[in-house]
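S.K.: need the 3D shape of this:
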Amino acid sequence: MNPNYTLDDTGWQALIHTVGEKFNDLTIKRGFQYFKQERVRPLKISDTGHVEALVEGNDDDHYRVDINLDSLSASHCTCPVPSHCKHMIAVLLEYVSLQGRSVHALVNANSTATFKQPVKSSSYDNSSYTNKMAIDQKAALSTKLQEQASKIPSMSIFQWHEVFKLSISPIGFNSPNAQYAKNALASIYTIQPQLSPALEQLFELHAHLFVLERLVKPSQHIPSNAPMYMGYYTQIAADDMQGEIKRIFTKDLAISDESEHWIRITETLSYARSLMLQESKSLKYFAEVYDQLWLNWIGPNLKDKTMYLEELHHLKSSEDALGNTLSRLPWLLAQSQMYFYLNQDEQAWELLQSANKGSIIPPSRLLHFLHALATAEEWSRLQAWLINIGPMLSSLREEHLTEYMEFWEKVIRHSPDSEQHMWKSLISMLPYSKTVYEETLLAYGKWQQWMDYQLSTGKEPLEFRVSVMQPIDKNAPELLLPFYHQAVERYILLKNRVSYKAAVKLLKRLAKLYKKMKQEERWEEFITTFASRHSRLRALQEELRKGKLIS
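M.R.: Numbering: from 1, shown residues only. As a prediction, this is how the structure comes out:
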C-alpha cells in the first residue's frame, strides 16, 4: 500500500455516495461476503489513485481488478460482468479497511445514499458533482458542530454525548482499536469551547467515557448475565481508556458545594449507574467508573448523607426497571457501598455475602472498604470489616491476601488485643490462607504453631528454603527434630535411590541439630540403630556412606 495516497474525509464521503449510486444492494452484499472470506489478494495503490488487486472467485478462478478512485465508472474487472461487479466491491472494502474507514458504512452506502442521478451514457462521470456534494456536506456538518459546541456550557451531560456523536461521524467506526480511540478523542476535543475549570474536568471525563462506551458498545447488546469476549486490540484500547479515566479522577474536582455544576455531577452519576447496571458480567469498566466517581469526586465534596440515601433509592428501583437486563453483581456491590458510607455495616455485609454466593467479587471492590477505613483511622470498624470479608477474599490470589494482612497489622499496632481476632480469621480461611497463615506465624514467632501445622499437613522439610527454617533453627531447634525424623521415615518407605538421597540430606541436618543441642550421644545411638534397622537396603547403605554418616 502506498503511504502517499490516503483517503481524506472529503474523498471518503464522495466514495460512499458514488458506491451507493453505482452499485445495487445485492452486489454490495455479495462483495462484502468476498471481503469477509479474505478473497482479496495483494493490494497495490498508486499515486494516480488506482487500486489494483486479485480477487479469488469460485472454482479457483482469479479476477484482476483495477479501481479508479477518482472515477469508479472507469474501473475494470476481468470477470464476465460488464461493470460494477462484486469483485470491485470486495477490493474497495479491503481498501477502506486499510485506510481505517468504516467497512459497514460502505456496505450500507446503497441504502443511505441521499441522491441518485441516472447515468446518461457510459462515458458520463459525475465525480465533480459528488466531490462538491461531499464538500458541501462537510461544510454543513462543521457549521452545525460549531453551533452545537457553543451551547455546551448550558447543555446537559446527555446532550454532550449527542454532540460527541456528531463530532466523530466523519471518522466512521471500522476498527475499535487504539487508533480509533485516539481519532475519536481528537475529534471531540476540536469542538471543546471555553469552559469553567469544573466543566472542563467533566468534559474531559465524558469525552473518554463516550469513547470507552463506543469501544465496548457491542457488548451492551449482550444480556448482562452472559459473558462477553472482546477482541485483543479492542480490549487494549478499552484498558488504555480506563487508565486515562482513572488519571482524570485523581485530580480533585474544582467545584464548590453551592456550584450550579452539581447538576452535571448527578447527571454523570446517572449515566455511570445506567451503564454499570447493564454491563456484561465479564466486563467491569463502568463499575470501576462508578466507584471512582464516588470515591474521588462525590464523596469528598458531600457535607451530609442525603445523596447516599438518594442513590440507594435509585439502585433499589433499578431492579424493577431493568428486569432481566440488570447486572446483579455491580447492583449488589453498589448498594453495599452506599450502606458502608452510611455506617450501616450489617446491611453492607449482608449484600456482600449475597453477591459472593453467585459470583467472585473483584478484590479491588472488597479492599476498597479496608482502604477507606484505614485512611479514616477507624480501627475498631476496620477490624470488624476484616473479620467479615476475610472469607470472601480467601479464595483469591496470594497478593490480595498479603494486602489483607497489611490491614490487620495496622489494626494490631493501634489495638494489640486485636491479634486474637486475626488468628481466628486466618484459621477460618484455611486452606486458602495457608501461605499467609504460615508467613504470619513465622513473623510473630509462633514456632510451635507453625511446626504443628506442617506436621498436620504432611509438608516435606525439603520443600522449604533454608532461610525459612533459619529462625526456627535459631530460636527453637528442638521443634525441627520430629519434622525431620518423620520425613526421613517417609522417604525410606519409597525405596528408591532418589528418596534415599533425600533421607540422607535430612539426616545430615539432624546430625547438626543434635550437635547444636549438645546431644551427640543421642545422635550416635540413633544413627547406629537406624543403619542396622535398614541394613538390607543396599542402596540406602551406599548413600549413608557417601554422606559420611556411617563408615
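
S.K.: going forward, measure contacts between C-alpha atoms and count neighbours the same way
M.R.: OK.

S.K.: can you list the domains in the protein?
M.R.: As assigned by automatic domain parsing, the chain contains the domains 9-115+125-138, 452-546.

S.K.: what about the longest one, distance to the chain center?
M.R.: A distance of 37 Å separates the C-alpha centroid of domain 9-115+125-138 from that of its chain, computed with C-alpha atoms, centre = their mean, to the nearest Å.

S.K.: ranking the domains of the chain by mean pLDDT, which is last?
M.R.: For the domains of the chain, mean pLDDT drops lowest on domain 9-115+125-138, to a mean of 79.

S.K.: returning to that earlier point: any chance of the domains of the chain in CSV with distance to Gly299 and mean neighbour count as columns?
M.R.: Output for these, formatted as CSV (distance: least, C-alpha to C-alpha, whole Å; neighbours: other C-alpha atoms under 10 Å):
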stretch, distance to Gly299, mean neighbour count
domain 9-115+125-138, 41, 18
domain 452-546, 44, 15
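
S.K.: would you convert the ones you listed into a markdown table that also reports distance to Ala238?
M.R.: A markdown table is the format used below for these (distance: least, C-alpha to C-alpha, whole Å):
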| stretch | distance to Ala238 |
| --- | --- |
| domain 9-115+125-138 | 18 |
| domain 452-546 | 42 |
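
S.K.: looking at those domains, which is nearest to His161?
M.R.: Comparing these against His161 with C-alpha to C-alpha, the closest turns out to be domain 9-115+125-138 (20.2 Å).

S.K.: tell me which of the domains of the chain sits nearest to Leu205.
M.R.: When the domains of the chain are ranked by proximity to Leu205 (C-alpha to C-alpha), domain 9-115+125-138 comes first, at 25.5 Å.

S.K.: now do the same end-to-end measure for stretch 163-173.
M.R.: Distance across stretch 163-173, first residue to last, is 16 Å (C-alpha to C-alpha, to the nearest Å).

S.K.: quick one: residues in contact with that stretch.
M.R.: With contact meaning C-alpha atoms under 8 Å, 6 or more residues apart in numbering, stretch 163-173 is reached by 9, 101-102, 105, 145, 148-149, 180, 183-184, 187-188, 191, 207, 210.

S.K.: and of these, the nearest to His84?
M.R.: Within the contacts of stretch 163-173, proximity to His84 (C-alpha to C-alpha) peaks at Ala105, which comes in at 18.1 Å.

S.K.: name the residues that touch the helix or strand in which the closest one is found?
M.R.: Taking DSSP states H and E as the definition, one finds Ala105 inside helix 103-107. By C-alpha under 8 Å, 6+ apart, the residues outside helix 103-107 that reach it are 16, 19, 28-29, 32, 93, 96-97, 172, 174.

S.K.: do the same with stretch 414-421
M.R.: 379, 383, 387, 411-412.

S.K.: could you rerun that using 6 Å?
M.R.: Ile412 (C-alpha atoms under 6 Å, 6 or more residues apart in numbering).

S.K.: would you pull up how far it lies from the middle of the chain?
M.R.: In this view, stretch 414-421 has its centroid 37 Å away from the chain centroid, taken as C-alpha atoms, centre = their mean.

S.K.: tell me the mean pLDDT over it?
M.R.: Computed over stretch 414-421, the average pLDDT equals 96.

S.K.: please apply the same query to stretch 303-313.
M.R.: Stretch 303-313 comes out at a mean pLDDT of 94.

S.K.: need the CA coordinates for it. PDB is fine.
M.R.: Only the C-alpha atoms of stretch 303-313 are listed here, as PDB (Å, rounded to 0.1, in the frame of the first residue of the first chain):
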ATOM      1  CA  LYS A 303     -21.500  17.500  53.700                       C
ATOM      2  CA  ASP A 304     -24.300  15.100  54.700                       C
ATOM      3  CA  LYS A 305     -25.600  11.600  53.900                       C
ATOM      4  CA  THR A 306     -28.600  12.700  51.800                       C
ATOM      5  CA  MET A 307     -27.000  11.800  48.400                       C
ATOM      6  CA  TYR A 308     -26.200   8.300  49.700                       C
ATOM      7  CA  LEU A 309     -29.800   7.700  50.600                       C
ATOM      8  CA  GLU A 310     -31.000   9.100  47.300                       C
ATOM      9  CA  GLU A 311     -28.600   6.800  45.500                       C
ATOM     10  CA  LEU A 312     -29.900   3.800  47.500                       C
ATOM     11  CA  HIS A 313     -33.400   4.600  46.300                       C
END
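
S.K.: restricted to helices, list the contacts of helix 103-107.
M.R.: Counted as lying in helices by DSSP state H, out of these, are 16, 19, 28-29, 32, 93, 96-97.

S.K.: nearest to Lys512 among those?
M.R.: Nearest to Lys512 out of those is Ser97 (C-alpha to C-alpha; 73.0 Å).

S.K.: how about that closest one: what's its closest non-neighbour residue?
M.R.: Nearest-residue entry for Ser97: Val103, 6.1 Å, with adjacent residues in sequence omitted and distances by C-alpha to C-alpha, 6 or more residues apart in numbering.

S.K.: let me know the pLDDT of Pro3.
M.R.: Looking at Pro3, its pLDDT stands at 42.

S.K.: go ahead and name everything in contact with stretch 478-493.
M.R.: Here stretch 478-493 makes contact (C-alpha under 6 Å, 6+ apart) with 499, 503.

S.K.: start at 24, not 1
M.R.: With 24 as the first residue, the last one maps to stretch 501-516.

S.K.: run the chain-centre distance for it.
M.R.: Between the centre of stretch 501-516 and the centre of its chain there are 47 Å (C-alpha atoms, centre = their mean).

S.K.: the helix or strand hosting Tyr86: partners in the sheet, and parallel or antiparallel?
M.R.: Taking DSSP H and E as the definition, Tyr86 sits inside strand 85-91. Next to strand 85-91 in the sheet, as set by DSSP bridges, lie strand 73-79 (antiparallel), strand 99-100 (antiparallel).

S.K.: tell me the SS of the spatially most central residue of the chain?
M.R.: By C-alpha atoms, centre = their mean, the mean C-alpha position of the chain lies nearest to Asp262, the distance being 6.0 Å. Secondary structure assignment for Asp262 (DSSP: H, G, I helix; E, B strand; the rest coil): helix.

S.K.: now do it, the pLDDT please.
M.R.: Taking Asp262 on its own, its pLDDT is 94.

S.K.: and the one 3 residues further on, by the same measure?
M.R.: In the prediction, the pLDDT value recorded for Gln265 is 95.

S.K.: do the same with Leu345
M.R.: Reported pLDDT for Leu345: 88.

S.K.: please apply the same query to Ile288.
M.R.: At Ile288, the model reports a pLDDT of 93.

S.K.: give me the buried stretch members for the host helix or strand of it, please.
M.R.: In this assignment (DSSP H and E), Ile288 forms part of helix 285-299. Going by neighbour count (16 or more other C-alpha atoms under 10 Å), the buried part of helix 285-299 is 287-288, 291-299.

S.K.: what's the angle from the helix or strand that that helix is followed by to helix 285-299?
M.R.: The element immediately downstream of helix 285-299 (helix or strand, assigned by DSSP H and E) is helix 308-315. Helix 308-315 and helix 285-299 meet at an angle of 140 degrees, taking axes from the mean of the first three to the mean of the last three C-alpha atoms, to 10 degrees as the criterion.
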